[in-house]
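Colleague: With the input below, show me the fold.
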Amino acid sequence: MVKMAGRLTRRLTGTAILAALVVVFDYGLKFSGLKIPFPWLPILKFDFTGIPIALAVLLYGMSAGATTSVIACLAILARSGDLVGAIMKAIAEFSTVLGIALGLRLLSRWRKAVSVIIGVALRVATMGTANLIVLPAYYGMPYNAAVGLLPMIGIFNIIQGAMTVLLGYLLCEAYIRRVGAESSVMT
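Modeller: Just a heads-up that it's a prediction; the model follows:
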């Protein structure tokens with residue numbers, strides 16, 4: 001009973017810390033100008049806010065990944081007032097960590113590699129679909145123009161998703177080496 005309470009406390013505390021890190025990354029990167037525009041579609045910007053979200057799912061499970069995705073949405077909304085942008089970022093990060101979680105459920109020795117592939121692929125498919133809805137409905141872009149942007153949106157999401165997942169894994173494995181694996185869902 002005490003051991004279970006300790007795990008719950010560790011999971012809640014870890015999730016809260018990683019959610020706070022998402023907020024710090026979002027605000028810090030936005031106001032420092034360190035978000036890097038995607039050269040072929042500069043409205044899309046590379047950032048590191050997804051890394052703590054990926055780390056949350058790797059260390060504490062899908063509920064932690066979902067919670068940190070919601071916190072990212074709320075932080076972006078509070079900072080910018082852009083509801084559509086905040087929801088799109090949350091959807092992008094949530095679809096990525098959902099793919100990671102699905103891949104980690106496999107009983108294969110390749111489950112880490114498969115979770116990277118599923119995480120990135122789910123992000124690309126989800127954001128392609130979301131942009132086909134959002135660009136015409138909220139930004140008044142003709143549907144054919146939105147379809148024309150899908151390759152660039154897909155490339156951006158492949159790069160951003162791979163960076164998020166791979167750096168999340170790198171940090172998770174470093175954490176496990178130093179602290180131990182008992183709280184990780186990776187083992």
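
Colleague: among the helices and strands of this protein, which has the poorest mean pLDDT?
Modeller: Across the helices and strands of the chain, mean pLDDT, DSSP states H and E gives its lowest value to helix 2-32, namely a mean of 89.

Colleague: same for the longest helix belonging to the chain, what does it pack against?
Modeller: Using DSSP state H, we find that the single longest helix of the chain is helix 143-179. In this structure, helix 143-179 packs against strand 45-46, helix 50-60, helix 83-104, helix 111-139, with contacts taken as 3 or more C-beta pairs under 8 Å, 6 or more residues apart in numbering; DSSP states H and E. (Each C-beta comes from the backbone N, C-alpha and C, glycine too.)

Colleague: winner for burial among those?
Modeller: Highest mean neighbour count among those (mean count of other C-beta atoms under 10 Å): helix 50-60, with a mean of 28.

Colleague: Quick check: the gap between the residue nearest the centre of the chain and Trp110.
Modeller: With distances taken as C-alpha atoms, centre = their mean, the chain has Glu93 as the residue nearest its mean C-alpha position (2.8 Å). To Trp110, Glu93 is 24 Å away according to C-beta to C-beta, to the nearest Å.

Colleague: Just the CA trace of stretch 116-128, in PDB.
Modeller: What follows is stretch 116-128 as a C-alpha-only set of coordinates in PDB (Å, rounded to 0.1, in the frame of the first residue of the first chain):
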ATOM      1  CA  VAL A 116       8.900   6.400 -32.700                       C
ATOM      2  CA  ILE A 117       7.500   5.500 -36.200                       C
ATOM      3  CA  ILE A 118       3.900   5.300 -34.900                       C
ATOM      4  CA  GLY A 119       4.200   8.500 -32.900                       C
ATOM      5  CA  VAL A 120       5.500  10.500 -35.900                       C
ATOM      6  CA  ALA A 121       3.100   8.900 -38.400                       C
ATOM      7  CA  LEU A 122       0.100   9.500 -36.200                       C
ATOM      8  CA  ARG A 123       1.200  13.100 -35.700                       C
ATOM      9  CA  VAL A 124       1.500  13.600 -39.500                       C
ATOM     10  CA  ALA A 125      -1.800  12.000 -40.300                       C
ATOM     11  CA  THR A 126      -3.600  13.800 -37.500                       C
ATOM     12  CA  MET A 127      -2.200  17.200 -38.300                       C
ATOM     13  CA  GLY A 128      -2.800  16.800 -42.000                       C
END
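
Colleague: Could I get the pLDDT score of Met1?
Modeller: Met1 is assigned a predicted lDDT (pLDDT) of 67.

Colleague: With Val185 instead?
Modeller: Confidence for Val185, expressed as pLDDT, is 63.

Colleague: circling back: between the helices and strands packed on helix 143-179, which gets nearest to Leu171?
Modeller: Closest approach to Leu171 among the helices and strands packed on helix 143-179 (C-beta to C-beta): helix 50-60, 5.5 Å.

Colleague: just checking, what packs against the helix or strand that the closest one is followed by?
Modeller: For helix 50-60, the succeeding helix or strand toward the C-terminus, using DSSP states H and E, is helix 62-80. Packing partners of helix 62-80 (3+ C-beta pairs under 8 Å, 6+ apart): helix 2-32, helix 50-60, helix 83-104.
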